[in-house]
Structures are given as C-alpha cells and as structure tokens.
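*Asks:* The following comprises the amino acid sequence and a computationally predicted model.
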Amino acid sequence: MLRHKYGLGKGVFILLLLISLLAGCSASNGNSATSDGKMAIESESAAAGNVSSEMNNSEAAAADSDSAAPVEGSGTTATAGGGFASETAADGNGINQKIIYTATLSMQVDELEAAGTSLRNAIHQSGAYILQFQDTKHEGEIGASYTIKVPASGFMSFIDRIEEIKHNDFERNIGGKDVSEEYVDLESRLKARQLVETRLLSMMDKAVKADDLLKFSQQLSEVQEEIERIKGRIRYLDNNVAFSTVELRMYQTNQTLENKSNEYPKLGGRMSDALVSSTKVVWDAINFLLVVLAGAVPVLVLLAIIGVPVLWFYRKGKRKDNKKANADDKEDDRQEPIL
C-alpha cells in the first residue's frame, strides 16, 4: 500500500514538472517574438540614418566582384572598339581595351572643289559622317576644315583613302587615349549604386514611419541621379570609342579664279564702278580737308590771339593819325589870307 502511494506521488510530480517546462518554453517563445519585433523596428530606424555607410560598403563589395561582367544599361558590347585592328583591342587576359583614336590631317591640293568631292565619296564609302565644316579664305589661299566621325573599325582605311586624294603636300598626326581604366571604374561605381538603389527600394517597402520614408526617398533620388550621370559618361565613352575623330584641313594656294565677266564687265558694271570710284575720290578729298582743318585749328587760335590785339591797336593809331591830319588841314584853312 505504501509503495502504491509512493509510486502514484512520484508520477504526479513528474507530470507537474513537464507542464511547468512546457509553460516556460511557450513564454520564452513569446518573449523572443516580442524582442524580434522591437529589433526589426529599431533596425529600420537605424538604417535610415546609416544608408551612406551602407552605400560605401556596397561600393567595396561591387569593386571586389568581377568588373568585366556586362552592366545593364551601360551600352557595352562584346566587340572591341577604337583599334587599328581587332587584335590590338584586347590584351593577353582577354579584357577589352577602350581606346579613343584621333587624327589631325593637313592637305594641300591643286583644286579644292575636286578634292572636296573625292573626300565626300570617301566619307560615304567608309560609313563616316561630317560633324563640323568650315570654309576659309585668305589672300592667295582658300581652304576648308572638316571634323569627321569615322567607325573605329575603318579608321586607318579611311585615312588611307584620304591619302589617295591628289595632293601636293600631306601631313598627319595620329594619337590615341586609353580609357579602359576609367571605363572599369565607371562600371564598378554603377554596380555599387545600383545595389544601393535596390536596398533603398526594399527599405522603402518595409518603412512604417513617414520620416523614414522621406529620408529613403531623398537618398534614392540622389543615388538615381548619380546612376544617370555614370550611364551618360559610359555612353559618351562608348560613342567616342566606337567612332574615331578626324580633323582634316584642305587648302589651295596660288589660286587663279578666272572670271570673264569680271575681266570684261558690262556697261552697267562699268558705270557702277565709275560712280563708286568718283564717290570714293570725293569722300577722300573731304576727309583730307577735314584732317587739314583739324590740324590748323591750334595755329588759327594762336594767330587770332596775337593778331586781334595788333589789328585793334593798328586801327586805333590810324584813326588818331586821320584826326590829326584833319585838324591840321582846318588850321591851315583858317590861317590862309583873304585876297
């Protein structure tokens, strides 16, 4: 009997112990859930103030990644651009080089018009286009300046076509600028900013407070603006790598522009020339007279300052002499005897 009671009490004790353990576990789960919710809210508020540090971390992570991978919207292509040949556009590791080639050419020709026609044909055949054109005319020389954009794959062949144009003198200066390092840096920065943009969009979706949403929106606007600047710079480099620039100047010297109408002008032309010539002579005479008068003004002023007083004294003395002579004549008439 005692053993039965003892066994029953022991079973009840074990049952109570299990119930207490289950109750403790449930309470612990409830507390952990509450603490997790508080941590989520706190982390969301902290993220709003520390997005700049996260942007820097994203940049570092993107820089460690493979920079040669294609970037969406960057406009990169698998073909190498800007080289004399496809072999020169890649190094031993297979990384595409980005080189911007430019050429400055100067050509003296016998007939500028014929040379310009040949140049336009070469431009059409090479798939190039004229970006800028300017005519020049000096004493004894006429010329034309061109700024031409040429596909990089046909850069040297285009220069060879230009050199085939009939000319007397030809000068060329070819150079290139390697922008591969800048291009890789832009791609890395673009990846980093796109990663930050994704994180900010995710944070905005989870944001509850209006202040946090406003901060995320401002930071997202700045990041997207920088992304567009980077993409614009990449597009600029892509365009200059894909199309080389050629600065060409053609000129003709010792020109003899024969024009029979100018050598033998008609009656109307001769009358017009005579009128212009006579008008020019009259105008030159008037100008000369005005110049002489302007130069004589100081002398005339000096003569007036000196001559006016002298003339006044001279006339005054003459009047006195006349009065004296008249007085003497009257006196002589009075003293003459009457016969």
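*Replies:* Arrived safely. The model shown is predicted, which means the values in this text are computed figures rather than measured ones. Residues are numbered from 1 along each chain as shown.
*Asks:* backbone phi and psi for residue 166, please?
*Replies:* Per-residue torsions, residue 166: phi -60, psi 130 (degrees, to the nearest 10).
*Asks:* Let the chain start at 5 from now.
*Replies:* With the count now opening at 5, the last piece we talked about shows up as residue 170.
*Asks:* And for it, the neighbour number?
*Replies:* 11 (other Cβ atoms under 10 Å). The way it works is simple: take the backbone N, C-alpha and C, and place the C-beta from them, glycine included.
*Asks:* Same question for residue 131.
*Replies:* 13.
*Asks:* Return the residues in contact with it.
*Replies:* 154-155, 158 (Cβ atoms under 8 Å, 6 or more residues apart in numbering).
*Asks:* Tell me the one among those nearest to residue 254.
*Replies:* Closest approach between these and residue 254, by Cβ to Cβ: residue 154, at 16.4 Å.
*Asks:* re the thing from before, and the buried ones among the contacts of residue 131, selectable in ChimeraX?
*Replies:* Per 16 or more other Cβ atoms under 10 Å, the buried members of these correspond to this ChimeraX selection:
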select :154,155,158
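*Asks:* confidence score at residue 286?
*Replies:* Residue 286 carries a pLDDT value of 87.
*Asks:* wait, I meant residue 85
*Replies:* Reported pLDDT for residue 85: 37.
*Asks:* now the one 3 residues further on
*Replies:* In this model, residue 88 is scored at 44, pLDDT.
*Asks:* swap in the one 5 residues further on?
*Replies:* If you check residue 93, the pLDDT there is 39.
*Asks:* ditto for the one 5 residues further on
*Replies:* The confidence metric pLDDT takes the value 41 at residue 98.
*Asks:* ok, now residue 234?
*Replies:* Looking at residue 234, the pLDDT reads 94.
*Asks:* now, among the contacts of residue 131, which is nearest to residue 197?
*Replies:* residue 155 (31.3 Å).
*Asks:* That closest one pairs with what?
*Replies:* Beta-bridge partners for residue 155, by DSSP bridges, are residue 247.
*Asks:* Residue 111 versus that one, what's the distance?
*Replies:* Remark: distance between residue 155 and residue 111 (Cβ to Cβ, to the nearest Å) = 21 Å.
*Asks:* out of the contacts of residue 131, who's nearest residue 222?
*Replies:* residue 155 (43.3 Å).
*Asks:* Looking at this protein, which helix is longest?
*Replies:* helix 271-339 (DSSP state H).
*Asks:* Would you mind giving the contacts of residue 131 as TSV with distance to residue 305 and pLDDT added?
*Replies:* Converted to TSV, those look like this (distance: Cβ to Cβ, whole Å; pLDDT from 0 to 100):
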residue	distance to residue 305	pLDDT
154	72	93
155	77	93
158	78	90
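*Asks:* would you turn the contacts of residue 131 into a markdown table with distance to residue 248?
*Replies:* Formatted as a markdown table, the contacts of residue 131 follow (distance: Cβ to Cβ, whole Å):
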| residue | distance to residue 248 |
| --- | --- |
| 154 | 5 |
| 155 | 8 |
| 158 | 9 |
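*Asks:* Which one of the contacts of residue 131 is nearest to residue 280?
*Replies:* Of these, the one sitting nearest to residue 280 (Cβ to Cβ) turns out to be residue 154, at 48.5 Å.
*Asks:* Find the residue closest to that closest one in space, skipping its chain neighbours.
*Replies:* The spatial neighbour of residue 154 that comes closest, neighbours along the chain excluded (Cβ to Cβ, 6 or more residues apart in numbering), is residue 132 at 4.2 Å.
*Asks:* so the one you found makes contact with residue 152?
*Replies:* Yes: with contact defined as Cβ atoms under 8 Å, residue 132 counts as touching residue 152 (5.4 Å).
*Asks:* neighbour-wise, which of these two wins?
*Replies:* Applying other Cβ under 10 Å to residue 132 and residue 152 shows that residue 152 carries more neighbours, namely 24 against 20.
*Asks:* my read is that one is in a strand, agree?
*Replies:* Yes: per DSSP: H, G, I helix; E, B strand; the rest coil, residue 152 lies within a strand segment.
*Asks:* give the contact list for the residue nearest to it when sequence neighbours are not counted.
*Replies:* Leaving aside its sequence neighbours, residue 152 sits nearest to residue 250 (Cβ to Cβ, 6+ apart; 4.3 Å). Contacts for residue 250 were tallied using Cβ under 8 Å, 6+ apart; they are 106-107, 109, 132, 150-154, 162-163, 166.
*Asks:* Just put those residues in TSV and tack on distance to residue 173.
*Replies:* As requested, the contacts of residue 250 are exported to TSV (distance: Cβ to Cβ, whole Å):
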residue	distance to residue 173
106	21
107	17
109	11
132	23
150	17
151	21
152	20
153	25
154	22
162	20
163	16
166	13
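*Asks:* Of those, which is the nearest to residue 227?
*Replies:* Proximity of the contacts of residue 250 to residue 227 (Cβ to Cβ) peaks at residue 153, which lies at 33.4 Å.
*Asks:* What is the burial count for that closest one?
*Replies:* Using other Cβ under 10 Å: residue 153 sits among 19 other residues.
*Asks:* Just the pLDDT at the nearest residue to it once chain neighbours are set aside, thanks.
*Replies:* Distances taken as Cβ to Cβ, 6+ apart place residue 247 nearest to residue 153, at 4.3 Å, with adjacent residues excluded. Note on residue 247: pLDDT of 93.
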